[in-house]
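>>> when you get a sec, could you give me coordinates for this:
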Amino acid sequence: MPLLEDLVQELQQRLSAQSSSIPSSAAVAEAAQSERINVTLPGGVMEELKRHALAEGRSCGNLASYLIEDGLRRHRPLSQNDA
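Sure, this is the predicted structure:
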């Protein structure tokens, strides 16, 4: 268990090195790596998203996030298309 003890000790050192004040909600929100958006989907798109999510055993939000990320990876920015 020396590895676990080392990790605990390192964590304790890092925590004691940080200020003891509790961050504000705004600071926590600003530091978050994920953000939320609201999207209005046309016509039967939501129903299609629900069907796909159910078939894959995942939530609609998780599938939508994956599809957006995949779409962004597939499409290069316009500045790269001109090169």
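>>> return the distance of the residue nearest to residue 39 when sequence neighbours are not counted relative to residue 71.
Of all residues not flanking residue 39 in the chain, residue 64 sits nearest, at 7.4 Å (Cβ to Cβ, 6 or more residues apart in numbering). Using the backbone N, CA and C atoms, a C-beta is placed for each residue, glycine as well. Going from residue 64 to residue 71 by Cβ to Cβ, to the nearest Å gives 11 Å.
>>> more neighbours, those two?
For residue 64 versus residue 71, neighbours defined as other Cβ atoms under 10 Å are more numerous around residue 64 (19 against 9).
>>> element containing the more buried one?
helix 60-74 (DSSP states H and E).
>>> and the contacts of that helix?
Residues outside helix 60-74 that contact it (Cβ atoms under 8 Å, 6 or more residues apart in numbering): 39, 46, 49, 50, 52, 53, 56.
>>> tell me which residues touch the second one, please.
Read that as residue 46. Contacts for residue 46 (Cβ under 8 Å, 6+ apart) come out as residue 60.
>>> regarding it, which helix or strand does it belong to?
Using DSSP H and E, residue 46 falls in helix 45-56.
>>> kindly export the helix holding residue 64 (C-alpha atoms) in CSV.
Extracted C-alpha coordinates of helix 60-74, given in CSV (Å, rounded to 0.1, in the frame of the first residue of the first chain):
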residue,chain,number,x,y,z
CYS,A,60,-30.5,11.7,-25.6
GLY,A,61,-28.1,14.3,-24.1
ASN,A,62,-25.1,12.0,-24.3
LEU,A,63,-25.9,11.0,-27.8
ALA,A,64,-26.5,14.6,-28.9
SER,A,65,-23.1,15.6,-27.4
TYR,A,66,-21.4,12.7,-29.2
LEU,A,67,-23.0,13.6,-32.5
ILE,A,68,-22.0,17.3,-32.2
GLU,A,69,-18.4,16.4,-31.3
ASP,A,70,-18.3,14.0,-34.2
GLY,A,71,-19.7,16.6,-36.6
LEU,A,72,-17.1,19.1,-35.5
ARG,A,73,-14.3,16.7,-36.0
ARG,A,74,-15.5,15.9,-39.5
